[in-house]
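> Give me the fold of what follows.
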Amino acid sequence: MNPSPSADSTPAFEIAQYFVVPVTGSSDPSIQKCRYFDALWNEIPRGRPLMANDRAAYVALKQADALPAPVKRELAQAQQDVDRSVSFFAAVAKTKFDSHAQPNMFLAAGTHPHAMSAVLPVAKDSTRGVILIFKKLDAHATPLLVSTSDPEIKNGSTTEP
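Reported below is the predicted structural model:
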């Protein structure tokens, strides 16, 4: 018989969740422009890393199939539309300064082309550069992969060189 957990018990780990919203408006057709939001749909400013924490050694990146009304309004004000011609396909991550023996390639999975996700590990006190790869969903063309130029994911307040 297992004893019941105490009131102050915490899970062994958590996954920090972020939404990835591919948007139109890239001046380079080989680069997919994206906007990033936390689990509560607060936008992550461009250039700020997507943060894990002491209990979250993983970051989940999810392509959002449906957006809340405030996000739709924000996109409209920025004259951007959700790019429905792409589906999150994979992520490639490179740990800066030390690999921490972490994998680098992650295939996205999901039940719908616009609801794909990938979970990436990020070691404590490390930063990983990430490139997201999207697949163009044009049924009449050869499949085409396009990438992002961001984001970074980070765990802890590291002062790496």
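> Show me the helices in this structure, by range?
69-77 (DSSP state H).
> need the contact list for residue 79.
The neighbours of residue 79, taking C-beta atoms under 8 Å, 6 or more residues apart in numbering as the test, are residue 25. For glycine as for every other residue, the C-beta is placed from the backbone atoms N, C-alpha and C.
> cool, residue 61 as well?
18, 20, 50, 88, 91, 117, 118, 119, 120, 130, 132.
> wait, doesn't the fourth one sit right on residue 20?
Yes - look at residue 88 against residue 20 with C-beta atoms under 8 Å: they come within range, at 6.3 Å.
> anything in contact with each of these two?
By C-beta under 8 Å, 6+ apart, the residues touching both residue 88 and residue 20 are 61, 63, 132.
> From residue 41, how far out is the second one?
Distance check for residue 63 against residue 41: by C-beta to C-beta, to the nearest Å, it reads 14 Å.
> Could you do the last one as well?
Spatial separation of residue 132 from residue 41 under the definition C-beta to C-beta is 19 Å.
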